[in-house]
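Engineer: Structure of the sequence below:
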Amino acid sequence: MDRTALVVGVTGIGGGNAAQALLDKGFEVVGLSRSVKDPMPGVEHVHADVLDAESVERAVRGRAITDLVFTTWQRQATEAENIRVNGAMLDNTLKALGRTTQLQHAVLVTGLKHYLGPFEAYAKAPAETPFRESQERLPFDNFYYEQEDVLVDAARAQGFTWSVHRPHTMIGYALGNAMNMGVTLAVYGSICRETGAPFVFPGSPQQWNGVTDLTDARLLGRHVAWSATEPAARNQAFNTVNGEVFRWRQLWGRVAEGLGVEAAEYPGEPQPLEGRMDHADEVWGTLVERHGLAPHRATELASWWHTDADLGRTVETFADMGKSRALGFLEYQDSAQSFLDLFDTLRSRRIIPSL
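Structural biologist: Presented below is the predicted three-dimensional model:
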């Protein structure tokens, strides 16, 4: 395959898995990020700040980029700022590529806040599940909508095709990622095992009892590679989830078992990790020394606030994959296995203690 993909946000959970799936498909992959702590084999890494169009242009000049996969974002204090900053990041990247190469296809990764609303208007509109790609936009400002509009306008102007992916909470290997519930729960469970604290589900009764789903980051990567190469997927938006639903009351024991800790009885109300985990860095330092772990702080690995936000929802959240199935993407991922595989990877890389 004579195609070269630029993956923006390659060090993140979505970008790293998309890069690997594209490599497996035969793409050349150029990974763009502000810095690289753990280079990916097979990926050419370049550095730029996507808020600076000139730095992006310098990074990609001379490379025959045919495809873009855009997976990064920056959280701002208000949604108006989210729109301005995150829209500019994508716009800068597309304009830089428009001046230096001829794109064939661009992929944008957003998420299910497309259906739930941004943080400051989160779940204020009824959550009409299962979420389907044909649903109308919500009547709230949302940087996902801005990014989609930027993408479609650039595709029309520059003559490339596009696809958009809307994953749910992503589970997979990445360190220092604000949205990685899997690593956060792994750190939480390891601390509970060390201290004898109860491994209690931190979220809401609605999430404990209600139907939900997840996105394995490896499946997202394969879905991205599929949409970049499948003609029927051109100029389409897709939900990207594992293809099964579950209730946390069913899954929590499997997660606990995978971490070698006993699942506590659910107390019937949220028990947020933020605040409860104020001592995490101190305990983690002991674990690092005792078990010879990689020298990270707990707060470098875990994102308490984001996991609290995911598991504290008071609305049902799951997405339909029928559109992708109809077009030929038939992959499925067991959600419990997503966690178990991640925990094995974290142990093999000395991020969390062995059982």
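Engineer: switch to C-alpha atoms for all contacts and neighbour counts from now on
Structural biologist: OK.
Engineer: Quick check: residue 176 vs residue 170, distance?
Structural biologist: Going from residue 176 to residue 170 by Cα to Cα, to the nearest Å gives 14 Å.
Engineer: ok, those two, which is more surrounded?
Structural biologist: Set side by side, residue 176 and residue 170 show more neighbours around residue 170, with 24 against 17, by other Cα atoms under 10 Å.
Engineer: So the more buried one sits against residue 213, correct?
Structural biologist: No: Residue 170 lies out of contact with residue 213 (Cα atoms under 8 Å); the separation is 10.1 Å.
Engineer: where do the strands sit along the stretch 151-300 of the chain?
Structural biologist: Ranges of strands within the stretch 151-300 of the chain are 161-167, 170-171, 215-216, 236-240, based on DSSP state E, counting those that start in this stretch.
Engineer: Please identify the most buried of these.
Structural biologist: Among those, strand 215-216 has the highest mean neighbour count (mean count of other Cα atoms under 10 Å), at a mean of 26.
Engineer: That one packs against which elements?
Structural biologist: Applying 3 or more Cα pairs under 8 Å, 6 or more residues apart in numbering; DSSP states H and E, one finds that strand 215-216 contacts strand 170-171, helix 335-348.
Engineer: which intervals of this protein have sub-threshold pLDDT?
Structural biologist: Applying pLDDT under 70 to the chain picks out residues 178.
Engineer: Now do whichever helix in it runs longest: which elements does it pack against?
Structural biologist: Counting residues, the longest helix found in the chain (DSSP state H) is helix 79-100. Other helices and strands packing on helix 79-100, by 3+ Cα pairs under 8 Å, 6+ apart, are helix 53-60, helix 143-158.
Engineer: and of those helices, who's closest to residue 77?
Structural biologist: Set against residue 77 and scored by Cα to Cα, these come closest in helix 143-158, at 12.6 Å.
Engineer: so that closest one versus helix 79-100, what angle?
Structural biologist: On the basis of axes from the mean of the first three to the mean of the last three Cα atoms, to 10 degrees, helix 143-158 is oriented at 20 degrees to helix 79-100.
Engineer: which residues touch helix 143-158?
Structural biologist: Applying Cα atoms under 8 Å, 6 or more residues apart in numbering, the contact partners of helix 143-158 are 79-80, 82-84, 86-87, 90-91, 94, 98, 102-103, 106, 108, 110-111, 113-114, 118, 137, 161-162, 164.
Engineer: Buried only: go through those for me.
Structural biologist: Buried subset of the contacts of helix 143-158 (neighbour count, 16 or more other Cα atoms under 10 Å): 79, 82-83, 86-87, 90-91, 94, 98, 103, 106, 108, 110-111, 113-114, 118, 161-162, 164.
Engineer: Would you mind measuring from the residue lying farthest from the centre of the chain to residue 283?
Structural biologist: In the chain, residue 290 marks the outermost C-alpha relative to the chain mean, sitting 31.3 Å out by Cα atoms, centre = their mean. Residue 290 sits at a distance of 11 Å from residue 283 (criterion: Cα to Cα).
Engineer: what lines up beside the helix or strand that contains residue 108 in the sheet?
Structural biologist: Using DSSP states H and E, residue 108 sits within strand 105-109. Paired neighbours of strand 105-109 in the sheet (DSSP bridges): strand 67-70 (parallel), strand 161-167 (parallel).
Engineer: Same list, these, but as TSV with distance to residue 246 please.
Structural biologist: As requested, the strands paired with strand 105-109 are exported to TSV (distance: least, Cα to Cα, whole Å):
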stretch	distance to residue 246
strand 67-70	29
strand 161-167	16
